[in-house]
Every structure is written in structure tokens, then in C-alpha cells.
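Chemist: Here's my sequence, what's the structure:
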Amino acid sequence: VQLQASGGGLVQAGDSLRLSCAASGRDFSSYRMGWFRQAAGKERVFVADISWNGGSVYYADPVEGRFTISRDNVQNTVYLQMNTLKPEDTAVYYCAADVWRDKRRANYWGKGTLVTVSS
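Modeler: Prediction:
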């Protein structure tokens, strides 16, 4: 599966942004999909993931209550709605498919999209 993330940009603290990840290839609807992020000089970390049918979602503590992950299995797209953005949310955001249970690894990765939140 190939993944293409989009929607990043420069916003101010408190603003909202929605990231999209378009998937091509087979079996999208069977994969657990997720978002990860990597701030400059830091390791890549888990942000959120969603089960194949959207029935279960998980969020990292720093984004719980502010971010919402969703998916459209007809459009083969996963979304990350980010509200009340903070400067510490600044990072390159990566879409991933077939996320492992440990929330650290995935079998497929897209190229990232940069989100910059100014104070």
C-alpha cells in the first residue's frame, strides 16, 4: 500500500488543521491506520490510530481531547482533525498503515507533512 499525506502548514496556536492520508493499493480497509509525528531532533512518536472499521481508536496523551482520527474506507483515506493546536504540536506528521499493537511500528509509511504551530 502507498500512502500520501497532505494538509500540513503553518498555523497559529489555537487554530485547527486537518491532515489527510490517501492510500492506494489493496487491503486498505483491512489495516489499522495511524498517525505518528516527529519533532526536530526527536524520535518519531505515536499520535493516534484507528481500527479497520473505525470501531476503536487510541490517542497519545498529549493529543487526547484535541485530535480526532477518522477514516473513509470508500475513499481509502484516513484523517487527523487537529484542534486547539499548540506550539509543541509542531512536527512532521506521518501516516502509517498496518500499525502494530505496540503503537511504535507499522508495516507501511508515507512521506510526512510538516505542521508548524506558531505561538
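Chemist: Identify each buried residue in the helix or strand where A5 lies, please.
Modeler: Using DSSP states H and E, A5 sits in strand 2-6. With burial defined by 16 or more other CB atoms under 10 Å, the residues of strand 2-6 counted as buried are 3, 5. (Glycine included, C-beta is placed from N, CA and C.)
Chemist: Equivalent analysis for stretch 76-95, please.
Modeler: Buried residues in stretch 76-95, defined by neighbour count with 16+ other CB under 10 Å: 76-80, 82, 85, 89-95.
Chemist: Pull the most distant pair out of these.
Modeler: Pairwise distances among the buried residues of stretch 76-95 were taken by CB to CB; the largest, 28.2 Å, belongs to N76 and T90.
Chemist: re the thing from before, for the buried residues of stretch 76-95, which one is nearest A39?
Modeler: Distances from the buried residues of stretch 76-95 to A39 were compared by CB to CB; the smallest belongs to A91, at 4.3 Å.
Chemist: Show me the strands in this structure, by range?
Modeler: Secondary structure of the chain by DSSP state E: the strands cover 2-6, 9-12, 17-24, 33-38, 45-50, 57-59, 67-72, 77-82, 91-99, 106-109, 113-118.
Chemist: how far away is the residue sitting nearest the centre point of the chain from S119?
Modeler: The geometric centre of the chain, computed from its C-alpha atoms, lies nearest to W35 (CA atoms, centre = their mean), at 2.5 Å. Distance of W35 to S119, given as CB to CB, to the nearest Å: 23 Å.
Chemist: again, but for R18
Modeler: As it turns out, when the distance is counted by CB to CB, R18 lies 21 Å from S119.
Chemist: between these two, which one's more packed in?
Modeler: R18 (13 against 9; other CB atoms under 10 Å).
Chemist: Fine by me, thanks again.
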